[in-house]
Each structure stands twice: as C-alpha cells, then as structure tokens.
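Predicted coordinates and the sequence they were generated for:
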Amino acid sequence: MEKESVVHGTCPHDCYDTCSLRVYSDGARITRIAADPDHAITRGFLCMKVNRYMERLHHPDRVLYPLRRKGPKGSGEFQRIAWDEALGEIAERMGAIINAYGGEAVLPYSFAGNMGCLSSGALDARFFHAIGASRLDRTICTASGNAALRWVFGSAFGPDPETIARARFILLWGANSMATNIHGVPLMDEARKKGAAVWTVDPLKTDTAERYDRHLKLRPGTDLALALGLGRHLLDTGRYDRNLMLEHSDGFDTYRKLVQPWTLARTAEATGIPMAEIEELAERLAAVRPLLLRVGYGVQRQRRSAAAVWAISVLSLLTGSWRDVGGGLLLSNGDAFPLQSLAGDSPATRTVNMVQLGHALLDLSDPPVKALVVYNSNPAATAPDQARVLKGLARDDLFTVVHEQMLTDTAKLADFVLPAAMSMEVWDVHTSYWHRYVQLNQPAAPPAGEAVSNPEFFRRMARALGLSDERLQHDDLALIRQTLDTDHPWMDGITLETLLEDPVQKLRIPTESRPFLDTPVTTPHGKFRLQPPPGTAVDVWDDAGDLPEREFQLLTPSTRETIKSSFGNVASLRRGHPAPELLMADDDMRRLGIEHGQKVRVRNELGSVVLQAVRSEVPQPGTVVSYAVRWNHEAGGKNINQLTSQDLADFGGGATFYSARVFVESAAS
C-alpha cells in the first residue's frame, strides 16, 4: 500500500455552495473525502449528501464497463462488451442515422450532473456541433430567473456572499438554505448575532423558515402579487430611491402604472398574507440597512417565473439596497466568471427546449429524433410530463446512448451504457453560481474500472465517427488553459499554472465592490430596466381562486437528502424516507378521510402515481408536497414528474414544475 496522498477536489453537483474538498487516496483507490477547512465558504463542513459520497463513489451499482442492451428496451438487461466494440457499433448506428436523416436527427440531452467547465459544454458541445446535431436549450432549472436578472441588470450577478454578515435585514424569498444552500446558514447566523433580522417568504414551512425570525406563508404562485403590492406601498409612502429610479433606470412610469392596482388589501387577498404583515415587511424594506434580498430559484419554477423575479429585482432598486455593502439582491453570481467558452462555433441547427423532451421524442418531424445521447442527466426521472418522456424513450426506433455512473432509470432504457468517471477521478475547473471562487479539480485516483471522463468519452466518440477536427482531441489540461485564457481584469493571474500551486482562487473583484454601482450595468443602454420582460403578463391576474374539494397545488421542491435524482440509490440517505411520500396538511387529511401512512393516488390529466400520505406542517391547506425526485422503480416505474407539465414559463423558456395541480384520493378508490 502506498502512503495516503491528498489532492484538491470540488463538489461537481448542481448546488450554490460548490464546496472545496480534500480527496485522499492510496494511489489506486480513493479512501476518504473531507471538507476543506481553509475555504472561506466551505469552512470545513459538508452537506448531508457529500458527507456520504464514499457510498456513491464505491457503490455496488456503479457502471464500470461498457454495456450493450441484450433484452427488451427498458428491461435493464445488458451484457459487457469492449470499448472498441461498443464505439464501433455506436458509430455505425449513428452514422446511418445521420446519412439517412441528417445531423439534426441526433439530440444531446444533458444538464448539471457535473458542473465542471470540462464536463459540461466543452468537447461535448464541439462534438455535437461537428455532426450538426440539434441543439439543446438547457432551461430546466434556472433559465427564467437568470433571464429576468439579465433583463433588469444586464447579467446574473449579485453581492459577494462573504458580505452577508453585514446585512441588518435579510429577506429569504423562496430560498430554503437549510436544504439547498447550507453554507449560507453560518453567514446568516453571523448576521443575526450582529443584530440582523432574517425573515422568510415561502409557501412552505421549511426548516429555514422555522430557524429564523418570521415566516410569511404566501399562497403558491403569488410571489409576483406580493412584490407588486410591496412596490406600490413604497411608492405611495414616498420611501424609495428616486435617484436610482429616475436617473439610472428606464421604465419608471410603466412600473408605476403596473403596481397601481396592487393595494395592500388586494395583495393580502391574493397572497393570503395578512395586510398588517405585508405593511410591516414594506416598512422594514424601506427602513433597515443594509438590506439583502436573498432569492431562491424556487420562485421561478412557475408560470409567472420571470415576472416574479423581475418584480423582486425592481424592489431591490426601489429600496436602494444596492448602495450598501452587504445589501442588494442575491439570486445568482453565475455571470461573474468571464471564462472563455469551450463550445466553439454553433451551427444554425434547430433548438429543442429540454423541458419539452416528451414532445421532441414523440412529435418532432423533419427530421424526427432518431438518436439520443444522454450524459450528466437522468431525464427518465427528472424531466416533466414523465409519461410522454418514458413513452418516447421506449421507442424501438430510438437509438439511445447513455454515459453514466449508475444504472439509472434512463440508463435502463438505453441501447448502450458507457461508464462515466466520478469527478474525484478527473481534471476539471469549477466556478460557482453563488460564491466567487475558481477552483481546480485534480484527480485523486484513476477512474474505477473502465470509466472515462466526459471529455474522453467525446474524444472517443469523435474518433469512432471519423471526425478529423483536431479541436475534438484537445486534452484536459489544454482545455483548462483555453477556458482560463482571458484578459478580463476579474481573472487577472488565474491560470492553470497558478491553480496548480493554489487550486482555490477568488475572482479579482473587491469584496467591498457594490454590483451595478461600482461595476457596470450591462443592459443595452447601461440603465436598469424597470419595465417587465417581453411577453410577461404582469397586468393580468387570472388566479382561479379556491380549488375543488380534492384538487391541490402540488409543489416538488428539493430536499437535503438529494440533488434531484443524483443520490437516489445511496441507502443511508433514503433510510428515513424509504418510500416516496406526499406531505399533506392535517386539515386536508381529515377532510378527505386519509390516514397518516395510507397509500394515495395523486393524479391529473398527465398521469398518476401512488405515494404514501404523510401528515405534515410543511404544506399549508390546499397544497401538497412531494420532494423531487425519487427513482422510478420506487413507485411502480413512475415518480412525481408524472404530474408536472412541459409548459414553459413566461420568459426565458424555463420549467413550470411548481404550477401543477393534482387530485388526491385513496389508492384503493
């Protein structure tokens, strides 16, 4: 046995925190994973999930060798084959499809299973551009919220999280930090010790809402109404930043007209929050500095996604919150990193919105989708309108290749499954959409079995298809150099060589710098846009009012045990919740005659799923909750995405997971 060595790693998953890791190995095998105690955000502790990463890394279900389907599609029956044999057959099948239908008959499908710069949007993008494949619009998580930020401010950019402790009033709007941003909690706790108040606006009684000072429980989907009502009150009382509104913004008159109908009384009626509480919140927004609006991405997974984020963004300007270090609006810092794109030139091929995968697989023509390549994603579990997605994936004439770490629901529907390396086994460079650190990820040990990184997978695919462009064969270190090759001052001195010496480096933005006051407003005219994004129905309120007796608003938020489906087979994380659950308010269960622990059928026009009813204080009456997202086999081949639709949000093409309505009944009925 060699002496244990340690390298720097970075958590690759779709999470604000992008934690800094110390990864230990004996030279052949990773032996332990620990938090970096020196990282200013990670601070020596990890979330519940990553604390159990060794279970995932060495899971008995891990795919270690190339597999070819031998049974019926969806049976999960595969046989091991050699890489060369697999690549030869894949190239033959895919080449025939391209020759017969054109490159657009091939659809890539990926998202944020690994958020490294090399693992997503690098050689994969170059490969699909080279064959003229359909382009995938990767919208399923944050698209509408980020689009709204870019509309108002020009970029998805916000305060440095390391200034949170300076705030004296923090409004958590649709942000459950205890589950999805655990490293934000110590920063907010520090602010409280210095005298700050922390309020939450959320339709659910989350762990975060319970932890902090006040919880305003609004009706699901009424974030826009609350933001407009608060805006009108600030205008009516004259407590707003006139200079920002009149000198540095466009559309103030339009905004004033749009908020006019939203009296406190109407806002209270729409949101379900008592009028006195709304007024008290407005007074705090006007009076307390520094003011931080910490908005979560849950706000923008509904029909009025972008409109809600736009209206909250305007509130941050009305209040002048950006004038203070520690203040402003923090939803994303994703546009803070001026790295070079590794994707290369994109051909003018058709674009498919990933939210509408079911439509793409079943309805697209000229050409139809005949080949699907899936990586960094598990759409059989995570895509909405699941019944149509599964029907599409089950097509006998759909050739499906999946590059994966586990035999997921999607992998079981594949023709070929190729083994994917874990992040601790590969080179990569990571940014964050919350904090401001660039991090080098170093391999601690060789990939297990015959697994390969995403770049290596696409290098092999390119060779198999006879693609000669040398850019398709660039090695990992060359790719890292390319993405860091920028003269932007925020990246000054951050190179591969300096990262090899110090693998965690902060962007060269002064912590004291106030976004959009000390940095440019990057909208086309250099001013904040107060008018709503195009196509958003801000002046129309079509709330349906009370729901029928057995109909409920369904919310499918994230939970601390999973990141969507990524940790779905880690036994220790499922132990407390062995079966898929539906959380219901006690009043609703008594009204419908449903017992705690009873099996219930949850259905709508899209599909149905059987879940275990759980009495809970998390949802308010009229709302039910099922945490996203379990693997399909746990509920008879289905999960909660049977009930979520392919409808797109109002702007940016995002998903509307939180706008689902369902009926609940006994599973025996």
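Looks like it arrived, so ask away. Numbers count the residues shown, from 1 in each chain.

Quick check: which element contains residue 317?
Assigned by DSSP states H and E, residue 317 belongs to helix 305-318.

Could you list the paired strands of the helix or strand that that helix is followed by along with their orientation?
The helix or strand immediately downstream of helix 305-318 is strand 328-330, counting by DSSP H and E. Here strand 328-330 is paired, per DSSP bridges, with strand 291-295 (parallel).

Can you give the contact residues for the partner strand?
Among residues not part of strand 291-295, those counted as contacts by CB atoms under 8 Å, 6 or more residues apart in numbering are 145, 159, 164, 167-175, 177, 184, 285, 309, 312, 315-316, 319, 321, 324, 326-331. Using the backbone N, CA and C atoms, a C-beta is placed for each residue, glycine as well.

now do stretch 562-578
Here stretch 562-578 makes contact (CB under 8 Å, 6+ apart) with 13-15, 48-49, 52, 55-56, 59, 61, 113, 378, 381-382, 406, 408-409, 558, 561, 627-631.

Let's see that with 6 Å instead.
13-14, 49, 52, 55-56, 61, 378, 381-382, 561, 629, 631 (CB atoms under 6 Å, 6 or more residues apart in numbering).

cool, and stretch 453-463?
Here stretch 453-463 makes contact (CB under 6 Å, 6+ apart) with 87, 118, 119, 123, 124, 127, 403, 421, 426, 472, 473, 476.

Same list (those) but as a markdown table, adding distance to residue 443.
Formatted as a markdown table, the contacts of stretch 453-463 follow (distance: CB to CB, whole Å):
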| residue | distance to residue 443 |
| --- | --- |
| 87 | 23 |
| 118 | 12 |
| 119 | 13 |
| 123 | 17 |
| 124 | 19 |
| 127 | 22 |
| 403 | 18 |
| 421 | 8 |
| 426 | 5 |
| 472 | 22 |
| 473 | 19 |
| 476 | 9 |
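
now, which of those residues sits nearest residue 201?
Distance to residue 201, by CB to CB, is smallest for residue 119 among those, at 34.7 Å.

Domain-wise, how is this protein divided?
For the chain, whose domains are defined here by automatic domain parsing, the residue ranges read 67-134+349-502, 144-334+519-529, 551-666.

Which of the ones you listed sits closest to residue 508?
Of all these, it is domain 67-134+349-502 that lies closest to residue 508, at 4.9 Å by CB to CB.

Please enumerate the helices of the stretch 351-500 of the chain.
Along the stretch 351-500 of the chain, the stretches classed as helices by DSSP state H, counting those that start in this stretch are 357-363, 379-382, 386-393, 454-464, 476-483, 496-501.

again, but for the stretch 101-250 of the chain
Under DSSP H, counting those that start in this stretch, the stretch 101-250 of the chain gives helices at 123-131, 143-153, 177-180, 185-193, 207-211, 223-236, 242-247.

helices and strands around the shortest one, which ones?
For helix 177-180, the packing partners by 3 or more CB pairs under 6 Å, 6 or more residues apart in numbering; DSSP states H and E come out as helix 207-211.

so for the helix it packs on, what's the average pLDDT?
For helix 207-211, mean pLDDT rounds to 98.

List the buried residues in it.
Across helix 207-211, burial judged by 16 or more other CB atoms under 10 Å covers 208, 209, 211.

ditto for stretch 396-415
Applying 16+ other CB under 10 Å to stretch 396-415 flags 398-415 as buried.

gap between residue 504 and residue 184?
18 Å (CB to CB, to the nearest Å).

Likewise for residue 8?
Going from residue 8 to residue 184 by CB to CB gives 22 Å.

Would you pull up how far stretch 561-568 lies from the middle of the chain?
Once both centres are worked out by CA atoms, centre = their mean, to the nearest Å, stretch 561-568 turns out to sit 12 Å from its chain's centre.

Show the end-to-end separation of it, please.
Using CA to CA, to the nearest Å, the end-to-end distance of stretch 561-568 comes out at 9 Å.
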